[in-house]
Each structure stands twice: as C-alpha cells, then as structure tokens.
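**Q** Fold the following.
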Amino acid sequence: MRRDGQEGSSTAEVAVLLPAIAVLLALGAGVGAVGVGQVRIQEAARAAARELGRGESHIEAASTARRVAGDRIVLSFGSSDGYRSVDVRTSIGLPVIGAIELWASASARSEDE
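**A** Numbers count the residues shown, from 1 in each chain. A predicted model of the protein is given here:
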C-alpha cells in the first residue's frame, strides 16, 4: 500500500478550526441572549407604563414588569406633563466578555389627568 503523506490531514485541520468554531458559536449565543434580554425588558417597560397610565399603583406596575422580564430587573418610575414613565435596567453575564448592562424606557399618557 502506498502512502502519499496526506493521512490525518483532515483531522489536523479540524483540530485547528475547532476553537474558532466554538468561539463563533459562543458569540452567536451571546448575541442571541442580549437580543432576547433587550426585548424582554422593553416589553416590561411598556407593560408597566401602560399599567401606570391606567392609574394602577407602582406596586402593580412593578409586579407586571417582573412577570414579563424576571426578578433581576431594577425599576424606576417618573411622571411629567401628564405622562408616566418607567425605566428598566438589568445585566446579562456573558462568558469571556462579562456583564452587559441593558436599559429600556417607556412612557404612557395618564388617563386620569
């Protein structure tokens, strides 16, 4: 049997490319996690602002926001010129990069004014 020196070359190529593929997959998963987190806190801010606009209490609005985005969010409420506003903040921990801070805000016109 004749050998031409090519045996095992595909294994070596895979071994060289495997770390790059793993990094790309981890990066894609991280971007997906940040995107999902941002959508969740934006929806939480909108839902809480709607609650406040309808005249519900800050406790009810906070409960709604936590139901949508989870318990790890930080909320702040405001009011100006007949509008109620909600700011939602959270952080997402990613491997290698660390924590990424996410922020969303929403406001709704108050129905009782």
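**Q** Tell me which other helices or strands the longest helix belonging to the chain touches.
**A** Using DSSP state H, we find that the single longest helix of the chain is helix 9-53. Where contact means 3 or more C-beta pairs under 8 Å, 6 or more residues apart in numbering; DSSP states H and E, helix 9-53 is packed against helix 58-69, strand 83-94, strand 98-109. (Each C-beta comes from the backbone N, C-alpha and C, glycine too.)
**Q** what helices or strands is the first one leaning on?
**A** To tie it back to what came earlier, the one meant is helix 58-69. helix 9-53, strand 74-80, strand 83-94.
**Q** buried ones in it?
**A** Buried residues in helix 58-69, counted by 16 or more other C-beta atoms under 10 Å: 61, 62, 64, 65, 66, 68, 69.
**Q** ok, which pair from those is furthest apart?
**A** The span of the buried residues of helix 58-69, defined through C-beta to C-beta, is set by 61 and 69 at 12.4 Å.
**Q** And the lowest-mean-pLDDT helix or strand in the chain, how far out from the chain middle?
**A** Every helix and strand in the chain was compared by mean pLDDT, DSSP states H and E; the lowest is helix 9-53, with a mean of 89. Here helix 9-53 is found 9 Å from its chain centre; the criterion is C-alpha atoms, centre = their mean, to the nearest Å.
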